[in-house]
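Engineer: This is a predicted model, with the sequence first.
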Amino acid sequence: MTAAQLVAILSTAIATATPVVFACVGETITERAGVINLSAEGTIMLAAMVGFAVAKLTGSLALGFLAAAAVGALFAGIVAFGSLTLKGSQIAIGFVLTLLGADLSSFLGNPFVRIPGPTVPSLPIPFLREVPLLGPLLFQGDLLLYASYALIGGTWFFLYRTQPGLMLRAMGEQPAAAFARGTNVIFWRYVYTLVGGSLLGLAGAAFSLDFKAGWSHRHTAGYGWIALAIVIFGGWNPLRVALGAYLFGILQSFAGVAQTTIRAVPTQVFTVAPFVLMILVLVLTSGEWWECGLRGIPPRLRRWIQQAVKATPPAALGQPFEPG
């Protein structure tokens, strides 16, 4: 494999990971606030259908993305209302919405199956695209790709360098302490759940209007579950979560290359391989055998690796909160 081929594969991986980045960052924000939005799979699928349908009918990509974000916010609002106001199970509500979203997308999207529609146009950045190595990798994409860069950096900065971000993390770790400092925990959990849901909706539109342009039944099947897994893999940190999304994109790209070069293997193997490998990575970095494998490493290096890799969920994640 030549250097040019490797750069092409990596640039494709970064571009194809963009929808997953939106989904993972959205779920990270939601879970950092203490809410589990398990409807990600159904949300992304229904938002992909609605985004494509609206963009096709109106001829406007902006309206398509807006409609998809609205779908994501609607599902997230149901999760928030059912769990924060009605005190229902976040897991149960999210799982039911996943099934509902998947079935609705197939039923309502039937007229739009496998028909051409608008797609996000390419937008290489002048001068920057000429930079050796980095140019082809990072600056020959489209507006959605560049927005994902801003989303990753902006979310990290918000969470770890601002007072509102500190309070957001406090709501997921110690909501009672955040409430004692004057934070309306229920209200802000609503807000951040809606924000995270909107990003899940945008991820759906990013699939049907960019990465996997068009619509077909179960168009985004599996990506919502992978997004939830990557959030755990990334330790609820936007930077690490983004790296997990790009790792998944790289696995997809190499699977695509292998599919064209190893013809003796059924294509279905390469289709599911990135999902299986990503789950395997999650298991290997979260299980007890990971700790066992580090025992022979010097203590200082072992502690650094553990801090960099070990995933610790927010302490109050999924737990109901009753204001005192």
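Structural biologist: Received the coordinates, thanks. Note that this is a predicted model, so its numbers are computed, not measured.
Engineer: contacting residues for residue 122?
Structural biologist: Applying CB atoms under 8 Å, 6 or more residues apart in numbering, we find residue 122 in contact with 140, 141, 142. (Glycine included, C-beta is placed from N, CA and C.)
Engineer: Let me know the closest of those residues to residue 56.
Structural biologist: For the contacts of residue 122, the minimum distance to residue 56 (CB to CB) is 18.5 Å, reached by residue 142.
Engineer: Helices of the stretch 101-250 of the chain, start to end?
Structural biologist: 134-138, 143-161, 163-173, 175-180, 185-206, 223-233, 238-261 (DSSP state H, counting those that start in this stretch).
Engineer: Now for residue 2, how many residues are close by?
Structural biologist: Residues lying near residue 2 (other CB atoms under 10 Å) number 7.
Engineer: how close does it get to residue 8?
Structural biologist: Residue 2 is 9 Å from residue 8, where distance means CB to CB, to the nearest Å.
Engineer: same check, this time on residue 213
Structural biologist: For residue 213, the distance to residue 8 - CB to CB - is 19 Å.
Engineer: tell me the mean pLDDT for stretch 128-142?
Structural biologist: The average pLDDT for stretch 128-142 rounds to 86.
Engineer: So what touches it?
Structural biologist: Everything outside stretch 128-142 that qualifies as a contact, by CB under 8 Å, 6+ apart, is 7-8, 10-11, 14-15, 18, 120-125, 149, 210.
Engineer: repeat that with 7 Å
Structural biologist: 7, 10, 11, 14, 15, 120, 121, 122, 123, 124, 125, 210 (CB atoms under 7 Å, 6 or more residues apart in numbering).
Engineer: buried subset of those?
Structural biologist: 7, 10, 11, 14, 15, 120, 210 (16 or more other CB atoms under 10 Å).
Engineer: wait, which of the residues you listed is closest to residue 164?
Structural biologist: Of the buried ones among the contacts of stretch 128-142, the one sitting nearest to residue 164 (CB to CB) turns out to be residue 14, at 29.5 Å.
Engineer: Does the closest one belong to a helix, a strand or coil?
Structural biologist: Residue 14 carries the three-state label helix when classified by DSSP: H, G, I helix; E, B strand; the rest coil.
Engineer: That one contacts residue 247, doesn't it?
Structural biologist: No - using CB atoms under 7 Å, residue 14 makes no contact with residue 247, being 11.1 Å away.
Engineer: before we move on, the earlier item: okay if I get the contacts of stretch 128-142 as a markdown table plus distance to residue 170 and pLDDT?
Structural biologist: Below are those laid out as a markdown table (distance: CB to CB, whole Å; pLDDT from 0 to 100):
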| residue | distance to residue 170 | pLDDT |
| --- | --- | --- |
| 7 | 42 | 80 |
| 10 | 38 | 86 |
| 11 | 39 | 87 |
| 14 | 33 | 91 |
| 15 | 36 | 87 |
| 120 | 37 | 95 |
| 121 | 42 | 94 |
| 122 | 42 | 91 |
| 123 | 39 | 91 |
| 124 | 42 | 91 |
| 125 | 38 | 90 |
| 210 | 36 | 93 |
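Engineer: Find the helix or strand that residue 91 is a member of.
Structural biologist: helix 90-108 (DSSP states H and E).
Engineer: Send me that helix as CSV with only the CA atoms.
Structural biologist: Extracted in CSV, the C-alpha atoms of helix 90-108 (Å, rounded to 0.1, in the frame of the first residue of the first chain):
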residue,chain,number,x,y,z
GLN,A,90,-34.7,5.9,31.2
ILE,A,91,-33.6,2.6,29.9
ALA,A,92,-37.2,1.3,29.2
ILE,A,93,-38.3,4.6,27.6
GLY,A,94,-35.3,4.8,25.4
PHE,A,95,-35.5,1.2,24.3
VAL,A,96,-39.2,1.6,23.3
LEU,A,97,-38.4,4.7,21.4
THR,A,98,-35.6,2.9,19.5
LEU,A,99,-38.2,0.3,18.3
LEU,A,100,-40.7,3.0,17.5
GLY,A,101,-38.2,5.1,15.5
ALA,A,102,-37.0,2.2,13.5
ASP,A,103,-40.5,1.0,12.5
LEU,A,104,-41.7,4.6,11.8
SER,A,105,-38.7,5.2,9.5
SER,A,106,-39.6,2.1,7.4
PHE,A,107,-43.3,2.9,7.3
LEU,A,108,-43.1,6.6,6.6
